[in-house]
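*Asks:* Structure of the sequence below:
(one chain, ligands or ions: 1)
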Amino acid sequence: MKRHLAAAAVEARGDRSISTMWWWELRVTWSGAALVAGVAAAAYAAVVVAAEALWWRPRRVERHFAAYGVGGPGYRFFVGSSIELVRLMKEASSRPMDPQTSHDILPRVLAFYHHWRKLFGPMHLIWFGRTPRLVVSEPELIREILLSRADQFDRYEAHPMICQFEGYGLSNLHGEQWTRRRRLLTPAFHTENLKPLAPFVAATVSLMLDDLLREAEAEEELEVDVVKWFSRVPQEAITFATFGRRDHSGVGAAVFRLQGELAGYATEAHSKVFIPGYRFLPNRRNRRIWWLDRQIRANLAKFVADLQLQERSVNGDGGEEDEKEEDGGGGEMREFMSFMTPAMTAEEIIEESKNFFFAGKETLVNLLTWATVALAMHPEWQERARREVVAVCGDDELPTKDHLPKLKILGMILNETLRLYPPAVAMIRTAKRDVDLGGGRCVVPAGTEVMIPVMAVHHDAASWGHDAADFNPARFAGDERRRHPMAFMPFGGGARVCIGQNMALIEAKVALAVVLRRFELRRSPKYVHAPQVLMILSPQYGAPVIFRPLTSSTTSATAAAS
Ligand code: HEM
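*Replies:* Next up is the predicted model:
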């Protein structure tokens, strides 16, 4: 009987386990099916999202612009117009300028614009990957973008690698954060505050020329690659303006050196389609980039900490001498740090200083380089500028703040250089919402990037006449109100206009004045005229220029002639 009951119990358990298995199998089957369905749905959703982003939306945007008569090279899956653009640029930069003295550099420097403008007009649509970029080169529409409708556009969100390189300072801030920072720093860049910079730069360039003269002792003249040679001018000037002292410790120079290497990686990133997450891969390249960034930040942090320590010790005993640089008769200057320390964290100060170091160096080196190349190509303007410098500053005086407004010809030469060779060849904005441009001429959909090809505007015969490609500083002698205000915008325009433009013009005028008084500049037979744009406009093969020392009798003759 017991055995019977046990068998029945086993049977019943068996039945239960069979029924459980059945239920379990059903659940597994169901959840398996659900999983498969879930995966299929997710894959479908991903395909739809990808198709929308990479195909349907670009097609819709193209049709939208076509309805306004705006055409372009056409969207290609994933890459947009990038491949064609890179091909056009590479082809153009494979040949130097012909003739070698030509300033008609637009077809070489902005080859894609030059090519597509001929096909599709001054307003056309190109694609940076899947992002639409509307190219706008008419001054009146640019005025709307930068001034009257500026609130509807945002400064373009740069590639994270570029932001890391440039620093999260003014250039890369947005909204309220940018407004507060800009308000805080604007007074630091007023001409009045920057006046001591003139004697400082004059003394720096004078020392650099003394070194050159020593090198030239045995020779009549020497060849100088001005791209490399001029780099010391903004380096010293930015360090002085930011921290209030000359870079005795070499920390500033170290930062510029490290930034130089980082710039190479940033330039590479600039020309590539952005792949999210790629910069976090711990490959060799990225590890080097992280190391460079850490070193730059560590150097700047040391600078900031040293200054804070010194400030505390000055305030602590109330009597210690501040080892600030002599102002050379220019008056007191409040260094940028003193604007930043009361209102910003150490981290913010480091990022902002990084931004100044970036924004103020290559741009100025470029301006000085192209101005020197232009003066070497145009001896008649060189001679006129030299005569003016001698007449204004006297025979052997260094230029001071009071001389600067009187150096009018030099000012015209710098403007003409900035017109033909603008260091920032283009600017980009992003439409925050749908924006109506030109009173119904074209509605720019939210998210569209708008590219302003500054160099093309500067070379446009409609604004500058049939001799637009000639170097003729005299065009800046007349009444500038005759021209559209946006026909000349080397420093941008509107609220985000270059905060450092006064600083740049002081540095450039003083540096050139000091050079012109002591040296004659001539074209080197080795110079190959080949401007190209990397992140900014640069000479592809460097810029060797012949410097011939002027004897004091030559400068006296110049003075007599003036
Ligand atoms: C020849 C020399 C220079 C040129 C051609 C130049 C050009 C420009 C341009 C075109 C912009 C506007 C970019 C845009 O709107 O998208 C800009 C912005 C800026 N520049 Fe300069 N720049 C020069 C020198 C300097 C110097 C010396 C400094 C400072 C040390 C500086 C600091 C800045 C900063 C911080 C911004 C961002 C301003 C903002 O968004 O509020 N620049 N520059």
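*Asks:* Give me the contact list for stretch 247-262.
*Replies:* Identification of contacts with stretch 247-262 by C-beta atoms under 8 Å, 6 or more residues apart in numbering yields 165, 231, 235-236, 238-240, 243, 289, 292-293, 295-296, 299-300, 302-303, 354, 357-358, 361. Every residue, glycine included, has its C-beta placed from N, CA and C.
*Asks:* Out of those, which end up buried?
*Replies:* Listed as buried from the contacts of stretch 247-262 are 165, 231, 235-236, 238-240, 243, 289, 292-293, 295-296, 299-300, 303, 354, 357-358, 361; burial here means 16 or more other C-beta atoms under 10 Å.
*Asks:* how about the residues of the stretch 401-550 of the chain near the ligand?
*Replies:* Neighbours of the ligand within the stretch 401-550 of the chain, by C-beta under 6 Å from any ligand atom: Pro423, Ala424, Met427, Pro490, Phe491, Gly492, Arg496, Cys498, Ile499, Gly500, Met503, Ala504.
*Asks:* Select, from those, the two members most distant in space.
*Replies:* For these, with distances taken as C-beta to C-beta, the pair at the greatest spread is Met427 and Met503 (19.4 Å).
*Asks:* Between the two, tell me which one has more neighbours.
*Replies:* In terms of neighbours (other C-beta atoms under 10 Å), Met503 is the more surrounded of Met427 and Met503; the figures are 24 against 19.
*Asks:* Settle this for me: the more buried one is touching Thr242, isn't it.
*Replies:* No - the pair Met503 / Thr242 is not scored as a contact, 10.7 Å apart, by C-beta atoms under 8 Å.
*Asks:* show me where the stretch 151-300 of the chain has helices.
*Replies:* Ranges of helices within the stretch 151-300 of the chain are 160-166, 175-185, 191-194, 197-216, 226-230, 232-243, 251-270, 284-317, based on DSSP state H, counting those that start in this stretch.
*Asks:* Quick check: which ranges of the stretch 451-562 of the chain have low pLDDT?
*Replies:* Along the stretch 451-562 of the chain, the model assigns pLDDT under 70 to residues 552-562.
*Asks:* In it, which residue sits closest to the ligand?
*Replies:* Gly500 (2.1 Å; C-beta to the nearest ligand atom).
*Asks:* Could you find the closest non-adjacent residue to that residue?
*Replies:* With sequence-adjacent residues excluded and distances taken as C-beta to C-beta, 6 or more residues apart in numbering, Gly500 is closest to Gly360, at 5.3 Å.
*Asks:* Neighbours of the one you found, how many?
*Replies:* Look at Gly360: counted by other C-beta under 10 Å, it has 22 neighbours.
*Asks:* wait, it sits on Val233?
*Replies:* No - under the criterion of C-beta under 8 Å, Gly360 is not in contact with Val233, lying 10.5 Å apart.
*Asks:* Just to confirm, what's the three-state secondary structure of Glu397?
*Replies:* At Glu397, secondary structure determined by DSSP: H, G, I helix; E, B strand; the rest coil is coil.
*Asks:* For it, give its distance to the ligand.
*Replies:* Glu397 sits 25 Å away from the ligand when distances are taken as C-beta to the nearest ligand atom, to the nearest Å.
*Asks:* Repeat that for Gly250.
*Replies:* When distance is defined by C-beta to the nearest ligand atom, Gly250 is 20 Å away from the ligand.
*Asks:* and if you look at Glu362?
*Replies:* Between Glu362 and the ligand the distance, using C-beta to the nearest ligand atom, works out to 9 Å.
*Asks:* any idea how far that residue is from Phe230?
*Replies:* Distance check for Glu362 against Phe230: by C-beta to C-beta, to the nearest Å, it reads 11 Å.
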